[in-house]
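Fold the following.
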Amino acid sequence: MELTGKTILVTGASGALGSELSTALALKGAKVLGTATANESAGKIPAKAEVRLLLDFTEPESIQTLTDYLIAASPLDGIINASGLVAFGPAGELEVETIARLTAVNSSGPMQLISKLFGKLKESASAGNEPFVMNLTGMVAETPMPGMAAYSGSKTAIHGFLTALGKEWRREGIRVISARPGHTETGLAGRAIAGQAPQFPTGMTASHVVERLLAAIEADEKDLPATEF
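Numbering: from 1, shown residues only. Here you go, the predicted structure:
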């Protein structure tokens, strides 16, 4: 896929991976629409993103507002979901609110967003633009981890959705990629919404992961398991 001239939505564009992805896409000639959860974090979206938008996956109304705007106002050739939350600790000690937030941000919110934008991606396919959806799902979708049960469950859920969606949308000319990198040094573990992160070995750099993600998009790859990073 040629990225020059394509319009790409990057959710979580204020985060470590999302911001690097946004900058790299813009340097390749793409028009980047970047999202952040709130006005304060929107200031962290790279300047190379042409449009800054708000999206809170915990609020269905926020998803609806964004999708209504995109359907009415913008072409769309790709979606990269780089949003995510993590929590640690024994499953028996998890609060209901923690589980609900993990599920909303890591699985049910992205499912809602991607599904609602099907029509825009289908328009792109009809124009011969090779549209795609990429979700940063993570290695725990392949290997759920003890002490991370709810997080693993939320990522396993979105991976299953994407796997089925890829088969559904293939006939429509829309590529769906579940990207499952291992531990990456983004600082996410230090911002857990519950529990304390275990002692992880040094992870991959965000730059390495972004380079691999973009290579997969450009080479029309359809799956990115952990072994590909």
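
For Leu165, give me its contacts.
Counting by CB atoms under 8 Å, 6 or more residues apart in numbering, Leu165 makes contact with Ile114, Val133, Val176. C-beta coordinates here come from the backbone N, C-alpha and C atoms, glycine included.

ugh, wrong one, Glu211
For Glu211, the contacting residues are Ala24, by CB under 8 Å, 6+ apart.

Need the CA coordinates for the helix or strand of the chain with the lowest mean pLDDT. PDB is fine.
Ranked by mean pLDDT, DSSP states H and E, the weakest helix or strand in the chain is helix 39-42, scoring a mean of 94. Provided in PDB are the C-alpha atoms of helix 39-42 (Å, rounded to 0.1, in the frame of the first residue of the first chain):
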ATOM      1  CA  ASN A  39      -8.100  18.500  25.700                       C
ATOM      2  CA  GLU A  40      -5.000  18.300  28.000                       C
ATOM      3  CA  SER A  41      -3.600  15.300  26.300                       C
ATOM      4  CA  ALA A  42      -4.600  16.600  22.800                       C
END
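
tell me which residues of it are tucked away?
Buried residues in helix 39-42, counted by 16 or more other CB atoms under 10 Å: Ala42.

For the remainder of this discussion, apply numbering that starts at 617.
Okay, residue one is now 617; in that scheme the one you just asked about reads as helix 655-658.

What's the first helix or strand after it?
strand 667-670 (DSSP states H and E).

Quick one: distance of whatever helix or strand comes next after that following strand to the chain centre.
The helix or strand immediately downstream of strand 667-670 is helix 676-689, counting by DSSP H and E. Distance, stretch centre to chain centre, for helix 676-689: 17 Å (CA atoms, centre = their mean, to the nearest Å).

Check stretch 685-702 too.
Put simply, stretch 685-702 sits 9 Å off its chain's centre (CA atoms, centre = their mean).

With stretch 780-789 instead?
Centre-to-centre, stretch 780-789 and its host chain are 18 Å apart (CA atoms, centre = their mean).

Need phi/psi at the spatially most central residue of the chain.
By CA atoms, centre = their mean, the mean C-alpha position of the chain lies nearest to Asn697, the distance being 1.7 Å. Asn697 adopts backbone torsions of phi -90, psi 110, taken as degrees, to the nearest 10.

That one: what's it in contact with?
By CB under 8 Å, 6+ apart, Asn697 lies in contact with Thr627, Gly628, Pro726, Leu729, Ile730, Val749, Met750, Asn751, Leu752.
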